[in-house]
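Student: Fold the following and give me the result.
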Amino acid sequence: MAATIEEGELRVDGVRAFYRRVPGEGTPAVYCHGNPTHGEDWLPFLERGAGPALAIDMPGWGRSDRPDPARFDYSMYGLSDFLDRCFDELGIERHKLVVHDWGSLALIGAQRRPQRVEKLVVINAVPLLPGYRWHWVAQLWRRKPIGEILNRTTTRASLDLLLRQATGDRKPMPTAFVEAIWNHWDRGTQDALLALYRHADPDRLARAGWALGELSCPSLVLWGDRDIYLPSRFARAYAGALPTAELEVVPRAGHWPWVDDDRVIGRVLHFLA
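Tutor: Predicted structure coming up:
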């Protein structure tokens, strides 16, 4: 039977953040999404997990507010700090952490308070490590005004074509997955992601992982081996940086490996349990 998923909102510094939560006793699992998706990414995990669990839509994405970049800090550090304040507001201290893509911004705060992280799962996450160079889409986003033009001219059909790159076999993403992104693909999200990517120079990414070695909790690095955005060598790099990490490469899977291989969901839930 699927778990009961509650929906709620909180306000931090006047910014409304939407979240999904599975109630329960014990240490909560906190799921952190990337771009251009949002907390809906994690529904299969929330539905099948035993709880408690939480998935927050970051400001600029999903069903959360889209504050103007002129008054809100969409940098890696600004978003990480906002997420930490959400944890404090919700009373979340010790937790299990699952990050995907830009969900790795949660690792910035985790390095400051490593004693709070009971278990860690890193799935095809933006590398807070040396040696990464942005993929071609991100390179366009990082350039003015090319990024703005690209985002404003994106259509439902072009989004579908672009997401095919992210699958293991380059076939279309499930329609529901594409719709979940498209339904929230507005100017607020477009501006938020541009601000984030333009802050994230490769040297800043490397410095942001300054204390990954302090995360001594049991860790699982799980990576789709056909990710054209984040090559699997960074799975090995994350596993090398985390003291107790297990490394599992998912064959024939892309950037969202659980979309290509449903067994990934069970593997993550088993590890967290």
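
Student: how close does Arg20 sit to Ile56?
Tutor: 8 Å (Cβ to Cβ, to the nearest Å). In short, each C-beta sits where N, CA and C put it, glycine included.

Student: no wait, Arg16
Tutor: Between Arg16 and Ile56 the distance is 11 Å, computed by Cβ to Cβ.

Student: One more: Asp101?
Tutor: 15 Å.

Student: can you check Leu159 too?
Tutor: 23 Å.

Student: So for the two, which sits in the more crowded spot?
Tutor: Taking neighbours as other Cβ atoms under 10 Å, Leu159 and Ile56 compare with Ile56 leading, 28 against 16.

Student: Find the nearest non-adjacent residue to the more buried one, please.
Tutor: Tyr19 (4.4 Å; Cβ to Cβ, 6 or more residues apart in numbering).

Student: same question, Leu242
Tutor: Leu242's closest residue in space is Ser219 (Cβ to Cβ, 6+ apart), at 4.5 Å.

Student: The one you found bridge partners, please.
Tutor: In this entry, Ser219 is beta-bridged to Leu120, Ala245, by DSSP bridges.

Student: And Glu9, by the same measure?
Tutor: In this entry, Glu9 is beta-bridged to Phe18, by DSSP bridges.

Student: Quantify the burial of it by counting its neighbouring residues.
Tutor: 12.

Student: Just the pLDDT for it.
Tutor: Glu9 is assigned a predicted lDDT (pLDDT) of 98.

Student: ok, residues contacting stretch 126-145?
Tutor: 34, 101-102, 104-105, 107-108, 146-147, 150-151, 162, 193-194, 197-198, 200, 202, 205-206, 208-209, 212, 228-230, 234, 237-238, 241 (Cβ atoms under 8 Å, 6 or more residues apart in numbering).

Student: where do the helices sit along the stretch 1-150 of the chain?
Tutor: Using DSSP state H, counting those that start in this stretch, the helices of the stretch 1-150 of the chain run over 43-48, 76-90, 105-112, 136-141, 146-152.

Student: Pull out the buried positions in stretch 79-92.
Tutor: Across stretch 79-92, burial judged by 16 or more other Cβ atoms under 10 Å covers Leu79, Ser80, Asp81, Phe82, Leu83, Asp84, Arg85, Cys86, Phe87, Leu90, Ile92.

Student: now stretch 54-70
Tutor: 54-67, 69.

Student: quick check, nearest of those residues to Gly224?
Tutor: Ala55 (20.0 Å; Cβ to Cβ).

Student: which residues sit in contact with the closest one?
Tutor: Neighbouring residues of Ala55 by Cβ under 8 Å, 6+ apart: Tyr19, Arg20, Arg21, Val30, Tyr31, Cys32, His33, Gly39, Asp41, Trp42, Leu46.

Student: what do Arg20 and Ile56 both touch?
Tutor: Residues touching both Arg20 and Ile56 (Cβ under 8 Å, 6+ apart): Gly39.

Student: Wait, the residue nearest to Ile56 touches Glu9, no?
Tutor: Yes: counting by Cβ atoms under 8 Å, Glu9 is a contact partner of Tyr19 at 7.2 Å.

Student: what stretches of the stretch 51-200 of the chain score poorly on pLDDT?
Tutor: For the stretch 51-200 of the chain, no stretch has pLDDT under 70.

Student: ok, back up a step: possible to save the helices of the stretch 1-150 of the chain as a markdown table with distance to Gly224?
Tutor: Formatted as a markdown table, the helices of the stretch 1-150 of the chain follow (distance: least, Cβ to Cβ, whole Å):
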| stretch | distance to Gly224 |
| --- | --- |
| helix 43-48 | 15 |
| helix 76-90 | 23 |
| helix 105-112 | 19 |
| helix 136-141 | 17 |
| helix 146-152 | 24 |
